[in-house]
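what follows is a predicted structure for the sequence shown.
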Amino acid sequence: VTDIDGNTYTASEVLQEKKALVLNFWFLNCDPCKMEFPYLQEAYEQFGDEIEVLALNAYDGTDAEVAAFKADNGYTFPMLKCDNRWQKMLNFD
């Protein structure tokens, strides 16, 4: 996958450098999703040398909206707007 900053990630490459990969699926219009981000940010700051966090928006929003959300909230972990292949694979409809 490619994040909103243009960085590409594959699970195999991430796991060569990190002990764990956290995939967080979220939606812009999901308040519980947004509530967990401060905790993910805290974990990323504390354990970022050991884990990678990828926040995958596979349902709503645009790249620009995801980028604005990330910037407005000061999150530093990678955030991605996924294409509809993820939506179909995970049966989000």
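Structure received.

can you give me the strands for the chain?
Taking DSSP state E as the criterion, the chain carries its strands at 20-26, 51-57, 79-81.

in the shortest one, what's buried?
I take that to be strand 79-81. Neighbour counts using 16 or more other CB atoms under 10 Å place Met79, Leu80, Lys81 of strand 79-81 among the buried residues. C-beta here means a position set from N, CA and C on the backbone, and glycine is covered the same way.

and that strand, what does it pack against?
strand 51-57, helix 63-73 (3 or more CB pairs under 8 Å, 6 or more residues apart in numbering; DSSP states H and E).

neighbouring contacts of that strand?
1-4, 54-57, 61-63, 65-67, 69-70 (CB atoms under 8 Å, 6 or more residues apart in numbering).

where is pLDDT lowest across the residues you listed?
Across those, the bottom pLDDT score, 75, is held by Gly61.

rewinding a little: just put the helices and strands packed on strand 79-81 in a markdown table and tack on mean neighbour count and distance to Lys34.
Converted to a markdown table, the helices and strands packed on strand 79-81 look like this (neighbours: other CB atoms under 10 Å; distance: least, CB to CB, whole Å):
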| stretch | mean neighbour count | distance to Lys34 |
| --- | --- | --- |
| strand 51-57 | 21 | 11 |
| helix 63-73 | 14 | 8 |
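
could you dump those to a markdown table with distance to Met35?
Listed next are the helices and strands packed on strand 79-81 as a markdown table, based on distance: least, CB to CB, whole Å:
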| stretch | distance to Met35 |
| --- | --- |
| strand 51-57 | 13 |
| helix 63-73 | 12 |
